[in-house]
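Fold the stuff below for me.
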Amino acid sequence: MLLEDKQELTIEQDLEGWVIDKCTSWRDHFESNYSEKFDEYYRLWRGQWAAEDKTRQTERSKIISPALQQAVESSVAELEEATFGRGKWFDIEDDVADQEKRDIAMLREVLYKDFKKNKIRKSVAECLINAAVFGTGIAEVVLEEEKEFQPATQPVMGGDLQAVGVNIVDKTCVKLRPVMPQNFLIDPLATSIEEALGCAVDEFVPTHLVDQLQEQGVYRNVYVGSAAPDFDIEPDKDLSVFEDDKVRLTKYYGLVPRHLLKAAQEEEEAEEVEELVAPDEDEDTYYVEAIVVIANDGTLLKAEANPYMMGDRPIVAFPWDVVPSRFWGRGVCEKGYNSQKALDAEIRARIDALALTIHPMMAIDATRMPRGSRAEVRAGKTILTNGNPAEVLQPLNFGNVSQVTFAQAAELQKMVQTATGAIDSAGISGSINGESTAAGISMSLGAIIKRHKRTLINFQESFLIPFITKAAHRYMQFNPERYPVADYKFHTSSSLGIIAREYEVTQLVQLLQTMQQDNPMYSQLIMSIVDNMNLSNREELIMSLQQANQPNPQAQQAQQAMQQAQMEFQKSQTAALQGQATESQARAQKLAAEAQAVPQELEIDRIKAITTNIKEGDADDKEFQKRLKISEQLLKEREVAVKEQGKPNADTAQVQRSNRASQPSLQPNIQETSGIGSRGPRPQGIPQGEA
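Residues are numbered from 1 along each chain as shown. Take a look at the predicted model:
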């Protein structure tokens, strides 16, 4: 029921009427809110004076300070340098699983070539200027069929001669056409192109362009006529209006009622209807994405569903500085508007005061001047008076112009630079801390860079990447032989502007001074410095540095041989040290065994000394006891000497304890032996008199 009610409300209205009604309401909103401001921003940037730009009614000077012009040009140049300064201003990412990278490189080079031929950089620069002046940069992605002429030769007469001529090749081109704000209409409630009901480009175009497109079959072959003058959509309102051979063309991109689009397409042939309307569209939806072209606010030239495979609108736009919940952004002129107006008022007031103080003026007694005389003051003029001229004429002076205005004008110029963030080399020193020191300039550059970086990221995300993506999709759809169809991801290669790069080079040079040349980071810092410089042979220098940093194969082999010999030498030293350690360990074990054997030998000698030459009887028993005590005394002395030479280990102490424990078991045997009566030789160490 809802769709039927909407169709009944618009059943008497045709497609061109519906589109023009929308565009008219959108233009009324633009004229009432933005038109006057944008016109004044344009005049301030161009340095054009208008009567409505007076700061006071008695103002006579028409001078406009170039401070805002400098801010716009400096900001645009910084972003343009950051985008295109390195040569390669975008790159392509493929699927991670794709191991074949040559298709990516080929597609990138083909896009670079086509963009250069179609002057995309020039168009992007114009969009940046529009964004800086008006706050929003807008461009239309245009698809055109061109004939490319290529010089060629062809053999004739059996190959005896060569005919020189050209080959004509039909080629699809994607171009970027900047759009002025007064020529762009959008839904006032939208904040972006994608979420708007629709948008339109409303401008004057030459009549012959419309005729050519009608001959090619792009537009309907209907009578167009001439356009009525409209001063509001002229690109430059300070020029006289040219009224001949122009057509007002309104190109609408957005949603339209489905039944109105079908009604407009019924006027064409059946095969064109089948081509224009996709059969798989959802018939339950009320709106359909379409492209509608209307000439002179009433003649329908083209009406078709969106023909692009991604279903996107061929419009890209970005705000210089985002204003929340609004499509139109905030540009450099809006930021520095108040400071520029104050600066102009100061300079104009000084010029008006100079006119009163420098040029001579005379106070004259009119009753004593001859009738009909002209009271002018100029060199060589004779002034007639009735009476003494000293009493009739008197020079009049209003005083001198205050010198404070010079300082005030300088401070106001700094205010413009502070408001816009576009500080050049003349305004860097003293803009932060009042002194042109290295720290002060560094602080100033940091403030500049971060503001430009913010705008640069906004420009890349909202304008540059969407345009490259739309252009690649157009080429894939209409020229698949040259551009293979794949899901590529585009990203920009923009980095730093000229101010940011100079600042980074300064920091790198200071860091380079703290390193030695043999440091591995030294060559990398030099490469970074060269990479940030705007040199014509930068790539060659970087390649030379990379080649210089690569090691010599012969030197690398010699170094590897030296490293291998060093490793072998270290291994041999390690083996020798291990052998010495093993030998030392064996010697220690031998000494320990000898130390263990000494007490046993001493015990054997003691037993031998005790039991030698012992006879039966009391005398021999006493002799035995005496020898036993002497041998024990000698044994203790030997043990002390051994302990002084080296402390015996635990095994030696255990052997000594076991020997002492075995002494009582030997006592009975010794007593039995002493009873035999035999007496052996005297033991060593026993005095001869003690028998």
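
So which residues of the protein form strands?
Using DSSP state E, the strands of the chain run over 90-93, 136-156, 161-179, 184-186, 198-206, 246-257, 287-295, 299-305, 315-319, 361-364, 393-396, 489-492.

Export those strands as CSV, with columns for mean pLDDT.
Listed next are the strands of the chain as CSV, based on pLDDT from 0 to 100:
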stretch, mean pLDDT
strand 90-93, 76
strand 136-156, 88
strand 161-179, 87
strand 184-186, 95
strand 198-206, 93
strand 246-257, 93
strand 287-295, 94
strand 299-305, 92
strand 315-319, 95
strand 361-364, 84
strand 393-396, 82
strand 489-492, 74
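
So which of the ones you listed is nearest residue 105?
Shortest distance between residue 105 and the strands of the chain, using CB to CB, is found for strand 90-93: 8.7 Å. Backbone N, C-alpha and C define where each C-beta goes, glycine included.

now what about that closest one, what contacts it?
With CB atoms under 8 Å, 6 or more residues apart in numbering as the test, strand 90-93 has contacts from 104, 107-108, 111, 464-465, 468, 488-493.

do the same with stretch 38-50
So stretch 38-50 is in contact with 52-53, 62-64, 66, 68-69, 72, 133-134, 181-182, 237-238, 331, 333-334, 337, 340, going by CB under 8 Å, 6+ apart.

now that stretch: how far from the chain's centre is it?
Its chain's C-alpha centre and that of stretch 38-50 lie 33 Å apart, by CA atoms, centre = their mean, to the nearest Å.

what mean pLDDT does that stretch have?
For stretch 38-50, mean pLDDT is 92.

Put the alpha carbons of that stretch into CSV.
Provided in CSV are the C-alpha atoms of stretch 38-50 (Å, rounded to 0.1, in the frame of the first residue of the first chain):
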residue,chain,number,x,y,z
PHE,A,38,31.8,31.1,-0.7
ASP,A,39,31.8,34.1,-3.0
GLU,A,40,33.6,36.2,-0.4
TYR,A,41,36.2,33.4,0.2
TYR,A,42,36.8,33.3,-3.5
ARG,A,43,37.3,37.0,-3.7
LEU,A,44,39.7,37.0,-0.8
TRP,A,45,41.8,34.2,-2.4
ARG,A,46,41.8,35.9,-5.8
GLY,A,47,42.5,39.4,-4.2
GLN,A,48,39.4,40.9,-5.8
TRP,A,49,37.7,43.8,-4.1
ALA,A,50,33.9,44.2,-4.0
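
Correct me if wrong: residue 296 contacts residue 230.
No - contact status for residue 296 versus residue 230: not in contact, 10.6 Å apart, counting by CB atoms under 8 Å.

follow-up on the earlier one: for the strands of the chain, which one sits closest to residue 576?
Between residue 576 and the strands of the chain, the tightest spacing by CB to CB is seen for strand 90-93, at 58.9 Å.

So which bits of that closest one are buried?
Neighbour-count burial for strand 90-93 flags 90, 92 (criterion: 16 or more other CB atoms under 10 Å).

for the helix ranked longest in the chain, the distance to its chain's centre please.
In the chain, assigned by DSSP state H, the helix with the most residues is helix 553-611. Distance, stretch centre to chain centre, for helix 553-611: 66 Å (CA atoms, centre = their mean).

can you check stretch 172-191 too?
So, by CA atoms, centre = their mean, the centroid of stretch 172-191 is 27 Å from its chain's centroid.

neighbours around residue 104, how many?
Residue 104 has 16 neighbouring residues, counting by other CB atoms under 10 Å.

Kindly apply the preceding question to residue 228 instead.
When neighbours are defined as other CB under 10 Å, residue 228 has 9 of them.

Assess the claim that it and residue 248 are in contact.
Yes - with contact defined as CB under 8 Å, residue 228 reaches residue 248; the gap is 7.4 Å.

can you list residues touching both of those two?
With CB under 8 Å, 6+ apart, residue 228 and residue 248 have common neighbours residue 296.

Now residue 180. Nearest residue, chain neighbours left out?
residue 235 (5.7 Å; CB to CB, 6 or more residues apart in numbering).

List the contacts of that neighbour.
Applying CB under 8 Å, 6+ apart to residue 235 gives the contacts 180, 182, 183.

10 Å instead?
Each residue near residue 235 by CB atoms under 10 Å, 6 or more residues apart in numbering is listed here: 42, 180, 182, 183, 203, 204.

Now the common contact residues for residue 296 and residue 230.
Counting by CB under 10 Å, 6+ apart, the contacts common to residue 296 and residue 230 are residue 248.

re earlier: from the contacts of residue 235, list the buried ones, please.
Counted by 16+ other CB under 10 Å, the contacts of residue 235 give 42, 180, 182, 183, 203, 204 as buried.

can those go into TSV with extra columns for distance to residue 21?
Below are the buried ones among the contacts of residue 235 laid out as TSV (distance: CB to CB, whole Å):
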residue	distance to residue 21
42	29
180	23
182	19
183	19
203	19
204	21
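
What is the nearest of those residues to residue 565?
Of the buried ones among the contacts of residue 235, the one sitting nearest to residue 565 (CB to CB) turns out to be residue 180, at 76.5 Å.

Relative to residue 491, how far out is that closest one?
For residue 180, the distance to residue 491 equals 29 Å [CB to CB, to the nearest Å].

low pLDDT regions in the stretch 301-450 of the chain?
Within the stretch 301-450 of the chain, the set of residues satisfying pLDDT under 70 comprises 406, 423-449.
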